[in-house]
Structure formats: C-alpha cells, structure tokens
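> From the sequence below, what's the structure:
(chains A and B)
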Number of protein chains: 2
Amino acid sequence: MFADDLDHPLAHGGGLAAARRLFTDAPEPFIDLSTGINPYSYPLPQLPPDLFTRLPDPQALAAMAAIAARTYGAPSPAHIVPAPGTQILLPLVAALVASSRAAVLTPTYREHARAAALAGHRVDEITDLEAAREAGLVIVTNPNNPDGRLFDKGELIALAKRLARRGGLLVVDEAFMDLGPRDHSLVGEVGRNAIVVLRSFGKFFGLAGVRLGFALAAPRLASRLAATLGPWAVSGPTLAIGAKALADRAWIQQKREDLFAAADRLKTILANAGLEIVGGTALFQLARTPADLLFRRGFQSG
Amino acid sequence: MFADDLDHPLAHGGGLAAARRLFTDAPEPFIDLSTGINPYSYPLPQLPPDLFTRLPDPQALAAMAAIAARTYGAPSPAHIVPAPGTQILLPLVAALVASSRAAVLTPTYREHARAAALAGHRVDEITDLEAAREAGLVIVTNPNNPDGRLFDKGELIALAKRLARRGGLLVVDEAFMDLGPRDHSLVGEVGRNAIVVLRSFGKFFGLAGVRLGFALAAPRLASRLAATLGPWAVSGPTLAIGAKALADRAWIQQKREDLFAAADRLKTILANAGLEIVGGTALFQLARTPADLLFRRGFQSG
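Reported below is the predicted structural model:
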C-alpha cells in the first residue's frame, strides 16, 4: 500500500444516492443488503432541543458510558471510551502502539489495514493467527465480516499475552458480536490483557446515522483514547439515544431473536435462488454468486 | 506538561448538570455565559428517521462540505474537511507535522496545548508571534478566546511562509471568526500556504450539541485528515442541519446583527456592575472581576 492510496476513499456499501442514480427506474424503497445494519431500528426517543443547542454534557457522557460498560460486560466504566462511530477509532487505536508491523486477519473490513498504515505501521494481510508472529499490532474481526469466521477465545488471549511481552497490542473488532456467540467476546478480558475491543452501536440498534461506537481497553489506554477524542466527541442527541437503547435489555433480547429468525429466512431465499452460502452472522450473509448479474438484477428491482 | 497530565480531562464550561448540583436552589433556566455559544440557535429542520437509521450518505457529506466551502470562502470543496466538532481535529491537525516544538499563543483555549503534546510535540506557550521562531507548529486562535485579541493577516501569512520553509505548519483556530472582522480570516489563503484554518459550526449557529467543525487546508493535507476521520465521521442528522444552516445567508446576516447588539447590551450590563471589560467578541466578553464572589452570585440567580 502506498502513501497516496491511504488518502483515497475506499468503496463501501450504503451509498443509496449513488445507487438511485445508477438505477433510476428501480422501485422504492431500496433494500440495502450491503451494510450489515439491523433494519428493525431502535425507536427514536423524544429529543429535546437542548440536546442540539448545548455542548454535550460531560455527566451525560459518563452516564451513557457506564450503561454501555454494563451492557457490553466491561470490567468497569473506566474500561470504555465512547466515540462518534467505531471507524474514527481505528487509526487512534492503531496509534497506541509504536510504529511496527501490523497484521490484519483477512479477508475483512478493508478500513482496518488502511487505518493501521495511516498510524505508521507496515501492514501484512494474513489469513491465519499463526502468521502474526512478527507483528506488534494484530487486528482481528470476530465474528469476521464478510465470512462470519469465529476465532477461539483462548487462542486470542494467548496471542495477546505474546504481544504484550513485546509492547504490542491485539485489536478485536466485535462489530457483530451483539448477535455473535457472546461467550466468544473478549470484553471481559481487556483489564488483564493487551487487548482493545471495538463495539459498534449503530449496526445492532439499526441506527448507523447517529455515529456511536466504543473502544474497551485497560484504563491507561482508555484514558489516552478519551483524551485524543476530547470531551465532546459524541453528539448530544446520540448520547440520549445511546443511553436509552443500551439500557433496554428487553428490546435487545427481542431483536436478537427477530434477527436470528430473519437470517434464517434470508438464507432460505438465497439458497432458493441457487446461491451457495459461505458464511455470515445474523446481520449479513456471504454467498457465492454466479456473476455480477445478481448485482444488477437486485438493484433494478429496488 | 507531563505524559500523565495529557490524559486527564481539562475543566471546561457548559457543565450544567454539575452547576445544578452545586446550586440546587437556583431558579431555572441557567444562563450559560461560559461557552461562547450563540443563544439564538438556528431553527432545527425536520429530521427524517432515515438520517438516524442509515449510514450518513457520502454524497450528503460532499454536498454539505461544498456548501461550507462557499460560506466560509474556501478556494474549493477540496480544501475543506468536515469533522464531528473542531475539538477532535486538534490532535489530528497537530499530527500533520513531524514531532517538533509547537508554539501556542496564550492565554487561549487550553485544549490546543494538550492536543499538540498528544501529537508528540514539545509545547511552548508564547504570548507573541515573534517568540515562535523555533517552532515547527504554531497555533493561533484568531480572534482569540478569551481576550478577543486579533492577529494581523500579513504577519500570519509571513509566519506561515517561514514555517513552510522548514516543513512546518500554522494552525489558525477561527472558532469565533463568523463574527470577527472577517477580512482577517485566512480561509482564502489555505491553498497557497502552510496554513490549516479551523472553523466551528456549533458556536455561531448555537448548535454545539450536534458536533460539527471544519478544517480548511491545501488538498493534500485535507485528504489526509479526511482519511483519518474516515467516511462517516459526521452524523446523518448533523449533515442535514449543517447543509441547511450554512446555506442560509439571510439568517447568518441577521444573527450577526443581533449578536452585535446583544454584545453591546452585555458590555453595558457588565460595566454597570462595576466590571472592567478587557476584550472579547460578539460571542463572549472578558472582564476583570473583584473576586470569585461574582461566580457564586451569578450561579445562585440561575
């Protein structure tokens, strides 16, 4: 990867305006299968104007962070840092380690490699944890996007211990762990190990527009991230929405069940269309397609 | 400044929850004079649920950035980078220069020195541009907070040219320039010079809770900042609010007049209370106070 490539935007899903321009006759609404975002969004609470007009209140931020810490299972509120989406955390987390070799488990979300390179690392794309031996920074998405691959908790902890001995860090992106087998989560381990876990609010709660994500880490690393983000990184409305949604255990449980059922239906539809399912989670599926014909056929029907 | 200090939050204004706890008998509403935010907020538009549920659309981001470029007077939309508030840009902008000495014109907003130190610079607090001779990074707030001090445009450009010769950068925080003498703005100069200008949306538009700020810089630096922030740093509702407000020239002109009139009234009130006005802008005033008695008297009356 060359320096200039780093500043060139990567293509992502979710560009509905571009899709509408390409396929002007498609019926509305488009069904977006590209972004792994829960279509059954958390209902928006009333948002008093103060949330928009005033600086986000430091106590509201602390309260929301404490709720998130409980819901995700962090050791304490000192182990969590709220950010305006997980994306913005990627280069900041990569910069917690001095420039070195970074190993990214691929295929995966492509911004991980770019963020590590932006933070000054030489990036190796690897397909197996064993290949991470030389790295100072290792980045794993668990469960992985796009293939749903799961990594063994014991193996990841052992890797983090090896990394810690050379001043390194393991980053585990758990963007899809709300539905993933949650006993695989490393959130409970961040206090004891050189591990930073990333969690996404917008995907599971179906509110990707509000921009909310979290880094979970030992307090020393969490303080550094919080200082870099500054005191008002998360917007006032998002603080209110996040606090309400993350505390709503009944909704969380119900949506897990709904999404598992919907994923079963999607798998059936894809299989009936002659596609071979390769992997996935309850928020996305990876299927082998005969050609890009499917892409066009899909868009033309909205 | 020691490494540990960097991660310790600085005290800022705007903490209403804390104020209410200290002064439980104060009448409501509190009038917050601590944050330099326009109390006549831009009226919130309707915010369709899609803005909250979907990832912020890349084309909506580009459109809002183009409007902001025109309103602020940037050479082109390639010279502007939207961010979730100006605060989060501070360490990222400071990191555009290799670790060196950073000079911060003080007294000023205290996060500037901390952000430069977080980016690896040795920070000198100076009171005069002449003292910046050794620095690789110079940070000036213009007009300055808290004293309203204005820096000469020609002098700043000359300083930026000297900095450019040694690979350095001048950062000009124009958070209060919407009301400042706008011919002092360096926005039009960012294409030709080693200058990054920061502009704040929330202060002038009275919408500090939505988190929106901008860096204006040469396209090479702007691309690097945009890549670090990633594609969805600004929330969907904020993109919609920013696009509408920044295009509303009539509102902008009217609010400038209203705020100048309000500032005159505030100056009269402060002077009648026996305070000596030291400086300020139409969004804040700096006055010499006899004691912290005033602080308590103010809070007790809400």
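> Is the closest residue to A:H12 other than its chain neighbours inside a helix or a strand, and which specific one?
Distances taken as CB to CB, 6 or more residues apart in numbering or on different chains put B:P231 closest to A:H12, at 6.2 Å, once the chain neighbours are dropped. To be clear about C-beta, it is placed using only N, CA and C from the backbone, and glycine gets the same treatment. Using DSSP states H and E, B:P231 sits in no helix or strand.
> pretty sure B:P231 contacts A:G14?
No - contact criterion CB atoms under 8 Å: B:P231 and A:G14 do not qualify, at 9.1 Å.
> hang on, the earlier thing: identify the residues contacting the residue nearest to A:H12.
Applying CB atoms under 8 Å, 6 or more residues apart in numbering or on different chains to B:P231 gives the contacts A:9-10, A:12, A:87, B:58, B:61.
> Apply 10 Å and report the result again.
Applying CB atoms under 10 Å, 6 or more residues apart in numbering or on different chains to B:P231 gives the contacts A:9-12, A:14-15, A:85, A:87, A:111, B:55-56, B:58, B:61.
> most neighbours, which of those residues?
Highest neighbour count within the contacts of B:P231, by other CB atoms under 10 Å in any protein chain shown: A:G85, with 30 neighbours.
> Can you read off the backbone torsions of the residue nearest to that one when sequence neighbours are not counted?
Leaving aside its sequence neighbours, A:G85 sits nearest to A:R211 (CB to CB, 6+ apart; 4.2 Å). Dihedral pair for A:R211: phi 60, psi 90, per degrees, to the nearest 10.
> and what of A:L198?
Torsion angles, degrees, to the nearest 10, at A:L198: phi -110, psi 130.
> Could you check how far it is from chain B?
Between A:L198 and chain B the computed distance is 13 Å (CB to the nearest CB, to the nearest Å).
> cool, and A:Y109?
Look at A:Y109 and chain B: by CB to the nearest CB, they are 11 Å apart.
> Around that residue, count how many other residues there are.
That count, for A:Y109 with other CB under 10 Å as the rule, works out to 23.
> sec struct for it, please.
coil (DSSP: H, G, I helix; E, B strand; the rest coil).
> same thing with the one 5 residues further on?
Under three-state DSSP, A:R114 falls in the helix class.
> Let me know the pLDDT of it.
Note for A:R114: predicted pLDDT of 96.
> Same check on A:G191?
For A:G191, the predicted pLDDT is 94.
> The closest residue in space to it that isn't next to it in sequence: neighbouring residues, count only.
Excluding the flanking residues, the one nearest A:G191 by CB to CB, 6+ apart is A:P75, at 4.1 Å. A:P75 is flanked by 17 other residues according to other CB under 10 Å.
> and A:P75, what does it touch?
A:P75 neighbours (CB under 10 Å, 6+ apart): A:69, A:187-192, A:216, A:218-219.
> Buried by neighbour count, from those: which ones?
Among the contacts of A:P75, those that count as buried by neighbour count (16 or more other CB atoms under 10 Å in any protein chain shown) are A:69, A:187-191, A:216, A:218-219.
> Output these as JSON lines; include the columns secondary structure.
Shown next, in JSON lines, are the buried ones among the contacts of A:P75 (three-state DSSP):
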{"residue": "A:A69", "secondary structure": "helix"}
{"residue": "A:V187", "secondary structure": "helix"}
{"residue": "A:G188", "secondary structure": "helix"}
{"residue": "A:E189", "secondary structure": "helix"}
{"residue": "A:V190", "secondary structure": "coil"}
{"residue": "A:G191", "secondary structure": "coil"}
{"residue": "A:L216", "secondary structure": "strand"}
{"residue": "A:A218", "secondary structure": "coil"}
{"residue": "A:P219", "secondary structure": "helix"}
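> Could I get the CA-only coordinates of stretch A:216-228 as PDB?
Listed next in PDB are the C-alpha coordinates belonging to stretch A:216-228 (Å, rounded to 0.1, in the frame of the first residue of the first chain):
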ATOM      1  CA  LEU A 216     -12.900  -1.200  25.500                       C
ATOM      2  CA  ALA A 217      -9.400  -1.300  27.000                       C
ATOM      3  CA  ALA A 218      -7.300  -1.100  30.100                       C
ATOM      4  CA  PRO A 219      -7.900   2.300  31.800                       C
ATOM      5  CA  ARG A 220      -4.500   3.500  30.800                       C
ATOM      6  CA  LEU A 221      -5.200   3.000  27.100                       C
ATOM      7  CA  ALA A 222      -8.800   4.100  27.500                       C
ATOM      8  CA  SER A 223      -7.700   7.400  29.100                       C
ATOM      9  CA  ARG A 224      -5.400   8.100  26.200                       C
ATOM     10  CA  LEU A 225      -8.100   7.400  23.600                       C
ATOM     11  CA  ALA A 226     -10.600   9.600  25.500                       C
ATOM     12  CA  ALA A 227      -8.000  12.500  25.700                       C
ATOM     13  CA  THR A 228      -7.400  12.200  21.900                       C
END
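> Would you mind extracting the C-alpha trace of stretch A:8-27 into PDB?
C-alpha atoms of stretch A:8-27 as PDB (Å, rounded to 0.1, in the frame of the first residue of the first chain):
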ATOM      1  CA  HIS A   8      -8.000   7.800  -1.300                       C
ATOM      2  CA  PRO A   9     -11.500   6.800  -0.100                       C
ATOM      3  CA  LEU A  10     -12.300   3.100  -0.100                       C
ATOM      4  CA  ALA A  11     -15.600   2.000  -1.700                       C
ATOM      5  CA  HIS A  12     -18.200   0.900   0.900                       C
ATOM      6  CA  GLY A  13     -21.900  -0.100   1.000                       C
ATOM      7  CA  GLY A  14     -24.700   2.200   1.900                       C
ATOM      8  CA  GLY A  15     -24.400   4.800  -0.900                       C
ATOM      9  CA  LEU A  16     -28.100   4.900  -1.700                       C
ATOM     10  CA  ALA A  17     -27.900   8.200  -3.600                       C
ATOM     11  CA  ALA A  18     -25.300   6.700  -6.000                       C
ATOM     12  CA  ALA A  19     -27.500   3.600  -6.400                       C
ATOM     13  CA  ARG A  20     -30.500   5.700  -7.200                       C
ATOM     14  CA  ARG A  21     -28.500   7.500  -9.900                       C
ATOM     15  CA  LEU A  22     -27.300   4.200 -11.500                       C
ATOM     16  CA  PHE A  23     -30.800   2.600 -11.500                       C
ATOM     17  CA  THR A  24     -33.300   5.400 -11.900                       C
ATOM     18  CA  ASP A  25     -36.300   3.200 -12.700                       C
ATOM     19  CA  ALA A  26     -35.900   1.000  -9.700                       C
ATOM     20  CA  PRO A  27     -39.000   0.900  -7.400                       C
END
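> Point out the residues in the stretch 51-200 of chain A that sit beside chain B.
A:51-60, A:62-63, A:83-92, A:95, A:111, A:114-115, A:117-120 (CB under 10 Å from any CB of the partner chain).
> one more time with 6 Å, if that's ok
For the stretch 51-200 of chain A, the residues in contact with chain B (CB under 6 Å from any CB of the partner chain) are A:51-59, A:84-85, A:87-88, A:91, A:118.
> So which of those residues belong to helices?
Per DSSP state H, helices hold the following members of those: A:51-53, A:58-59, A:91, A:118.
> now those in JSON lines, with distance to A:S100 and pLDDT?
Formatted as JSON lines, these follow (distance: CB to CB, whole Å; pLDDT from 0 to 100):
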{"residue": "A:L51", "distance to A:S100": "41", "pLDDT": "98"}
{"residue": "A:F52", "distance to A:S100": "42", "pLDDT": "98"}
{"residue": "A:T53", "distance to A:S100": "44", "pLDDT": "97"}
{"residue": "A:P58", "distance to A:S100": "35", "pLDDT": "94"}
{"residue": "A:Q59", "distance to A:S100": "38", "pLDDT": "96"}
{"residue": "A:P91", "distance to A:S100": "15", "pLDDT": "97"}
{"residue": "A:L118", "distance to A:S100": "14", "pLDDT": "95"}
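> What segments of chain A are strands?
Secondary structure of chain A by DSSP state E: the strands cover A:80-83, A:101-105, A:122-126, A:137-141, A:169-173, A:195-200, A:213-216, A:276-281, A:284-288.
> Appreciated, that's everything.
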